[in-house]
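Participant: How does the following fold in three dimensions:
(one chain, ligands or ions: 1)
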Amino acid sequence: MVPACRLVHCRWICSALKHMSTESVKMGPALSGEHAEAPSIAALRKQAEGCERCDLYKNATQLVFGEGPGKARVVLVGEQPGDREDLAGRPFVGPAGRILDECLHEAGIDRSSCYLTNAVKHFKFEQRGKRRLHSRPNAGEVQRCSWWLGAELDKLHPKVVVALGATALSSLLGRRARVMKNRGDLIPTPAGYSVLITIHPSYLLRIQDKEDAAAERGRFVRDLAKIAPHVD
Ligand code: SF4
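Facilitator: Numbering: from 1, shown residues only. Coordinates of the predicted model:
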């Protein structure tokens, strides 16, 4: 039997996601209520350093936990650390992070006032010679790592959470939400914050046509500008 509180949460998200049917929408695992417990973000990070909830810790260099002010009103959630982030131990310090910084700046937002994290905390990759190629985390890995994302959000109590791309979105709102269909929407959640749906900045790096890339970048900046009023 589905708990009554779950049904209320599902209906809330269903009504917010106006393009979706009102039947059997599930929240993403980060919002499902099951997550780590610790007195602070620093304590959570310490716990996560020993995490073996999935196999991704085995090949990664190190854990890449979220970082930013403990009182951040805005949290940005990406997919997973990339090659540079894995080596540095910090989120969004590679090429996608540089674009994100530029676009946040153009949207009038100071990165240092936001908390940045990922749905999955260890780098998943395929080794090709000397290169480590990004490999998308699967649903099970996202589910396992939501143990940490849910805990970060619970500790931070933000006003807005930005889902950067499909993996972050699935961890937050489940699989029924779609980046391209619901992009730019601010979805209220029972957790008390809204989720802004947009692309991952790495998408901009993959667009070959210059005009298309410029148009998509402008659209990304306009998406981000929606969170500007919530940043302290
Ligand atoms: S990816 Fe997440 S769940 Fe998997 S081992 Fe790392 S911290 Fe744990």
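
Participant: For the protein, which residues are neighbours of the ligand?
Facilitator: 48, 51-54, 56-57, 63, 120-122, 141, 144-145, 148 (Cβ under 6 Å from any ligand atom). No exception for glycine: its C-beta is placed from N, CA and C like everyone else's.

Participant: Can you say which of those residues are buried?
Facilitator: 48, 51, 53-54, 56-57, 63, 120-122, 141, 144-145, 148 (16 or more other Cβ atoms under 10 Å).

Participant: The lengthiest helix in the chain: which residues count as buried?
Facilitator: The single longest helix within the chain, with elements called by DSSP state H, is helix 139-156. If you call a residue buried by 16+ other Cβ under 10 Å, then helix 139-156 has these buried ones: 141-156.

Participant: Assign A191 to one of the three secondary structure states.
Facilitator: State at A191, reduced to three classes by DSSP: H, G, I helix; E, B strand; the rest coil: coil.

Participant: contacting residues around it?
Facilitator: Under the criterion of Cβ atoms under 8 Å, 6 or more residues apart in numbering, the contact list for A191 reads 31, 153.

Participant: Quick check, pLDDT for the residue nearest in space to the middle of the chain.
Facilitator: Residue closest to the mean C-alpha point of the chain, counted by Cα atoms, centre = their mean, is V77 at 2.2 Å. Among the per-residue scores, V77 shows a pLDDT of 98.

Participant: Quickly note the distance from it to the ligand.
Facilitator: 13 Å (Cβ to the nearest ligand atom, to the nearest Å).

Participant: Which member of the buried residues of helix 139-156 is positioned nearest C114?
Facilitator: Minimum distance to C114 across those is 10.5 Å, recorded for L156 (Cβ to Cβ).

Participant: Looks like the closest one contacts L76 (just checking).
Facilitator: No: taking Cβ atoms under 8 Å as the definition, L156 is not a contact partner of L76, at 11.6 Å.

Participant: so what sits against both of those two?
Facilitator: With Cβ under 8 Å, 6+ apart, L156 and L76 have common neighbours Y115.

Participant: just the strands in the protein please.
Facilitator: Using DSSP state E, the strands of the chain run over 74-78, 115-118, 125-128, 131-134, 160-164, 186-188, 194-198.

Participant: So which helix or strand of the chain has the lowest pLDDT on average?
Facilitator: Within the chain, confidence by mean pLDDT, DSSP states H and E is lowest for helix 4-16 among all helices and strands, at a mean of 50.

Participant: Point out where this protein drops to low pLDDT.
Facilitator: Low-confidence segments of the chain (pLDDT under 70): 1-26, 33.

Participant: so V64 touches R90, yeah?
Facilitator: Yes: between V64 and R90 there is a contact under Cβ under 8 Å: 6.6 Å.

Participant: the more surrounded of the two?
Facilitator: Neighbours per residue (other Cβ atoms under 10 Å) separate V64 from R90, with V64 holding more: 26 against 18.

Participant: Show the contacting residues for the more buried one.
Facilitator: Here V64 is in contact with 81, 85-86, 89-91, 118, 121-123 (criterion: Cβ under 8 Å, 6+ apart).
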